[in-house]
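Q: I'll drop the sequence and a predicted model, then ask my questions.
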Amino acid sequence: TLARLHVSERNAFSRDKHVNPALSVKLAYWLAPWLYRLIPNPVICVSQGVAEDLVDTTIARPRDVTTADNPVLDNDFRDKPAAAPSHPWLKDKTTPVIVAVGRLAQQKGFDTLIDAFARLPQGDARLIIFGEGALRGELLAQAAALGVAERCDLPGYASDPIAEIARADCFVLSSRFEGSPNALVEALSTGTPVVATRCPYGPQEILADGAVAPLVEVDDPAALAAAISAQMATPRAVHRQRRIDAAARFVNARAVQTYLKALLGRR
């Protein structure tokens, strides 16, 4: 019955609706806010930013939305050592390595990341972007044009991204928009230094508006390069515990409680 129906929004609605131009997708995005007003239960949003975006840009009302955290990490993540990485640049690391994870799509801003990477003063650094997608050829061509192709690798999906991130010198989230990026939480859980864009939505909430790790503006490769360089020049132990503690919000047990509250009104 409708009384038992719950819907979840996983991304920035106002941005995500422009990604796929297919007529059926456009129709679905037009129809969704009307359904959100009709169904008896509020839409479960993965971050406060996603909830506010839905209210600000559609006919959804504040009472039509609620929030619940993504269950990203095992409850005992602090006690589990990371597995060994598979990428050769991380298995036998001789130079600083930056890691990013995500679909090779415009949303993820990897073109900005490659631009920023080419500007780093650390000329021996390497960049690995784990993921697949339609922009692979364009990103490889960009790296070649900027003269960093030999230090930039797009090896495809990683079977255990946390193992790769844990061995990196910096993790970067360069997205143009998100909902609540799980990869950023996974990176924090390893204690690895991170840099993220102040994109809508998620990183500001996860990183406590920059108190946990640096936030830079979207599509600003100079600022991104400066933040990455600063993180790599800072001893890894600095703010390490702060990063791990920020990730702990997204352990399964705590996330379940936020979902029970959203689904059943339990406290």
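A: On my side now, so go ahead.

Q: what about the helices in the stretch 1-150 of the chain?
A: Secondary structure of the stretch 1-150 of the chain (DSSP state H, counting those that start in this stretch): helices at 13-16, 23-38, 48-57, 88-91, 110-119, 136-145.

Q: the ones you listed: which one's closest to Leu215?
A: Closest approach to Leu215 among those (CB to CB): helix 48-57, 13.0 Å. All C-beta spots, glycine's among them, are computed from the backbone N, C-alpha and C.

Q: can you get me a residue count around Leu73?
A: Counted with other CB atoms under 10 Å, residues neighbouring Leu73 total 24.

Q: what is the neighbour count of the closest residue to it other than its chain neighbours?
A: Of all residues not flanking Leu73 in the chain, Val251 sits nearest, at 4.9 Å (CB to CB, 6 or more residues apart in numbering). A count of nearby residues for Val251, using other CB under 10 Å, gives 20.

Q: go ahead and confirm Val251 touches Lys80.
A: No - using CB atoms under 8 Å, Val251 makes no contact with Lys80, being 11.9 Å away.

Q: hey, what's in contact with both of these two?
A: When contacts are counted by CB atoms under 8 Å, 6 or more residues apart in numbering, Val251 and Lys80 are jointly contacted by Asp74.

Q: quick one, phi/psi of the residue nearest to Leu73?
A: phi -70, psi 160 (degrees, to the nearest 10).

Q: centroid-nearest residue for the protein?
A: When CA atoms, centre = their mean is applied to the chain, the residue found nearest the centroid is Pro181 (3.0 Å).

Q: quick check: that one vs Asp53, distance?
A: Distance of Pro181 to Asp53, given as CB to CB, to the nearest Å: 15 Å.

Q: cool, Leu23 as well?
A: In this view, Leu23 and Asp53 are 23 Å apart by CB to CB.

Q: quick one, domains of the protein?
A: The chain breaks down into these domains under automatic domain parsing: 2-67, 77-250.

Q: worst mean pLDDT among those?
A: When the domains of the chain are compared on average pLDDT, domain 2-67 comes out lowest at a mean of 94.

Q: gap between it and the chain center?
A: Put simply, domain 2-67 sits 20 Å off its chain's centre (CA atoms, centre = their mean, to the nearest Å).

Q: also stretch 126-139?
A: On CA atoms, centre = their mean, the centre of stretch 126-139 falls 16 Å from that of its chain.

Q: now do the buried residues in it.
A: Buried residues in stretch 126-139, counted by 16 or more other CB atoms under 10 Å: Arg126, Leu127, Ile128, Ile129, Phe130, Gly131, Gly133, Leu135, Leu139.

Q: equivalent analysis for stretch 256-267, please.
A: Neighbour-count burial for stretch 256-267 [16+ other CB under 10 Å]: Thr258, Tyr259, Ala262.

Q: over to stretch 40-50?
A: Asn41, Pro42, Val43, Ile44, Cys45, Val46, Ser47, Gly49, Val50.

Q: ok, now stretch 181-190?
A: Per 16+ other CB under 10 Å, stretch 181-190 contains these buried residues: Pro181, Asn182, Ala183, Leu184, Val185, Glu186, Ala187, Leu188, Ser189, Thr190.

Q: then stretch 14-24?
A: Ser14, Arg15, Asp16, Lys17.

Q: how about residues contacting that stretch?
A: When contacts are defined by CB under 8 Å, 6+ apart, stretch 14-24 is touched by residues 25-26, 29, 53, 56-58, 105-107, 176-177, 200.

Q: filter these down to the buried ones.
A: For the contacts of stretch 14-24, a burial check counting by 16+ other CB under 10 Å picks out Tyr29, Asp53, Thr58, Ala105, Gln106, Gln107, Arg176, Phe177, Pro200.

Q: surely the second one meets Gly179?
A: So the one you mean is Asp53. No - the criterion here is CB under 8 Å, and Asp53 misses it with Gly179 at 9.4 Å.
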